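**Q** I would like the atomic coordinates for the input below:
(4 chains)
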Protein chains: 2
Amino acid sequence: MDVSRARLSPEDWTRAALRALAVGGVAAVRVDVLARDLGISRGSFYWHFTDRDALLKAALEEWERRFTAQVIEQLDGVADPSERFERLVRGALTDESVPGLQPAIMAHADHPVVRPVLRRVTTQRIAYITAIYQDLGLAKAPARRRAVVAYATYLGWLDLRRVPADLLPELTTSKEGEAAVKEIMRMLHPTT
Amino acid sequence: MDVSRARLSPEDWTRAALRALAVGGVAAVRVDVLARDLGISRGSFYWHFTDRDALLKAALEEWERRFTAQVIEQLDGVADPSERFERLVRGALTDESVPGLQPAIMAHADHPVVRPVLRRVTTQRIAYITAIYQDLGLAKAPARRRAVVAYATYLGWLDLRRVPADLLPELTTSKEGEAAVKEIMRMLHPTT
DNA sequence: ACGCTTCCATACACTGCTGTATGGAAGCTG
DNA sequence: CAGCTTCCATACAGCAGTGTATGGAAGCGT
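**A** Below is the predicted model:
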């Protein structure tokens, strides 16, 4: 622990905003509360950002980069489409750096700041999944259909992660967790 | 339109609360705003309910009854398990009386008032789906696995409904919508 | 019509949060 | 170290929403 006052970057604020968003939704992104969490005064915030909405926008755009563009970029390095499919599904179901973030964003789809970002992210992701299905041999229309269903399953999986773990042990990556992931993998696979 | 002041029942408040909840989450359930929407003063509210939390609790319990207990009750009248399966899936994917309500509730799974209700609802629903899969011939463990995945797909489907319709025409019940429903039905069917 | 109960309006005190104004400390550069 | 820039603290005005207190109107039984 350093005693000297750590000077904050905008990323410190956006990360805190995403955490708050994940827990309590858009309304929980309060500069007041975030400042207390970061151990700093609100004076800092209004230097880095003009507005509360500006923070929200910046946070969501960071989310867009980290969890869409960046993921796609990494996967594009994988040549084999079957391998790409496997990695995408497994990664999506097991990794979750900010629990509850995706559900929180979906729940506020109508919010003026959320809407445009969510629109871009949803479009990109479904398009990417569709492309993978096409690479795996499906025609355009069925590939698209399967992509939408696959994405829905992913979203619902994240929703279910929000309920207490004792209710759904198959979601916490363990023995049962692996079985559930395999089940989904099989269900979403283009051959079945 | 009747000019006489309509006296409100608690159900008027809980219904309004569920609508607000669906749009803006728990934070949007404000007696202040609901009163304006209902064209009445807050004095009425504090006669029917002790608290803002009391309203939230009552609303969620009404949700529990209408969209879990009542649905299961109706489906229990259907003898053939295959028919029961079909009706449940189709109904779940097409009917949505309060758009966005389920996603909003999932997003606030940690909320002290939401948690216990959500816990009961999730448990009941997954248990019911599991039972159907067992009736269709699956053993307990695989039936449970499939039930969890099926429920996840349902939840994600409702999430996707929150994005603008022009992005996902397959969700608005139409020609493409029917194809998507059939796709899910096939994917979730125990034989595949 | 009378009184009693049910339901609602108004007014008030209070809290939590926003945004702004201003001063001051810490870091960088010559 | 002098001066400039970057970053943060404090203080203030203002608003939105909660909960309470109290009076009054509408419905109902007798």
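**Q** center of chain A - which residue?
**A** Nearest to the mean C-alpha position of chain A, by Cα atoms, centre = their mean, lies A:Gln102 at 4.6 Å.
**Q** mind listing what the closest residue to A:Arg120 other than its chain neighbours touches?
**A** Sequence neighbours aside, A:Glu64 is the residue nearest to A:Arg120 in space, at 6.6 Å (criterion: Cβ to Cβ, 6 or more residues apart in numbering or on different chains). For glycine as for every other residue, the C-beta is placed from the backbone atoms N, C-alpha and C. Going by Cβ atoms under 8 Å, 6 or more residues apart in numbering or on different chains, A:Glu64 touches A:117, A:120-121.
**Q** let's have these in CSV, adding pLDDT and distance to B:Asp53.
**A** Output for the contacts of A:Glu64, formatted as CSV (pLDDT from 0 to 100; distance: Cβ to Cβ, whole Å):
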residue, pLDDT, distance to B:Asp53
A:Val117, 98, 32
A:Arg120, 98, 37
A:Val121, 98, 34
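**Q** narrow these to those in helices?
**A** A:117, A:120-121 (DSSP state H).
**Q** A:Tyr46 and A:Arg15: what is the separation?
**A** Between A:Tyr46 and A:Arg15 the distance, using Cβ to Cβ, to the nearest Å, works out to 18 Å.
**Q** between these two, which one's more packed in?
**A** A:Arg15 (16 against 12; other Cβ atoms under 10 Å in any protein chain shown).
**Q** how about the contacts made by the more buried one?
**A** Contacts of A:Arg15 by Cβ under 8 Å, 6+ apart are A:59, A:62.
**Q** low pLDDT regions in chain A?
**A** A:1-5, A:173, A:192 (pLDDT under 70).
**Q** go again using 80 as the cut-off
**A** Where chain A drops to pLDDT under 80, the residues are A:1-6, A:172-176, A:191-192.
**Q** pick out the residue of it closest to DNA strand D.
**A** A:Gly43 (1.9 Å; Cβ to the nearest atom of the strand).
**Q** now that residue: phi and psi?
**A** phi -60, psi -40 (degrees, to the nearest 10).
**Q** quick check: it vs chain B, distance?
**A** A:Gly43 is 25 Å from chain B, where distance means Cβ to the nearest Cβ, to the nearest Å.
**Q** could you tell me how many residues sit around that residue?
**A** 8.
**Q** can you give me the helices for chain A?
**A** Going by DSSP H, chain A shows helices at A:10-24, A:31-38, A:42-48, A:52-64, A:70-75, A:81-94, A:101-107, A:114-135, A:140-160, A:175-188.
**Q** what distance do you get for the residue of chain A closest to DNA strand D to B:Ala6?
**A** 50 Å.
**Q** also A:Arg119?
**A** Relative to B:Ala6, and taking Cβ to Cβ, A:Arg119 is found at 40 Å.
**Q** more neighbours: these two, which one.
**A** More neighbours surround A:Arg119 than the other of A:Arg119 and B:Ala6, with 15 against 11 (other Cβ under 10 Å).
**Q** my guess is the more buried one contacts B:Leu167. True?
**A** Yes - A:Arg119 lies in contact with B:Leu167 (Cβ atoms under 8 Å); the separation is 6.4 Å.
**Q** which positions in chain A make contact with DNA strand D?
**A** A:5-8, A:35, A:40-44, A:46-48 (Cβ under 7 Å from any atom of the strand).
**Q** swap in 6 Å and give it another go.
**A** By Cβ under 6 Å from any atom of the strand, the part of chain A that sits against DNA strand D consists of A:5, A:7-8, A:40-44, A:47.
**Q** in CSV: those, plus distance to DNA strand C.
**A** Output for those, formatted as CSV (distance: Cβ to the nearest atom of the strand, whole Å):
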residue, distance to DNA strand C
A:Arg5, 6
A:Arg7, 7
A:Leu8, 12
A:Ile40, 12
A:Ser41, 9
A:Arg42, 6
A:Gly43, 5
A:Ser44, 9
A:Trp47, 8
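**Q** filter the residues you listed to the buried ones?
**A** Taking 16 or more other Cβ atoms under 10 Å in any protein chain shown as the criterion, what is buried in these is A:8, A:40, A:44.
**Q** tally of neighbours for A:Glu176?
**A** Here the number of neighbours of A:Glu176 (other Cβ under 10 Å) works out to 17.
**Q** which ones are touching it?
**A** Counting by Cβ under 8 Å, 6+ apart, A:Glu176 touches A:169-170.
**Q** just put the buried ones among the residues of chain A next to DNA strand D in a markdown table and tack on distance to B:Ala28.
**A** Rendered in a markdown table, the data for those read as follows (distance: Cβ to Cβ, whole Å):
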| residue | distance to B:Ala28 |
| --- | --- |
| A:Leu8 | 30 |
| A:Ile40 | 29 |
| A:Ser44 | 29 |
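**Q** quick one: stretch A:182-189 to chain centroid distance?
**A** Centre-to-centre, stretch A:182-189 and its host chain are 21 Å apart (Cα atoms, centre = their mean, to the nearest Å).
**Q** contact partners of that stretch?
**A** In contact with stretch A:182-189 (Cβ under 8 Å, 6+ apart) are residues A:85-86, A:89-90, A:93, A:146, A:149-150, A:153, A:157, A:192, B:145-146, B:149, B:187-188, B:192.
**Q** what about DNA strand C: which of the residues you listed touch it?
**A** Near DNA strand C, by the rule Cβ under 6 Å from any atom of the strand, you find none of the contacts of stretch A:182-189.
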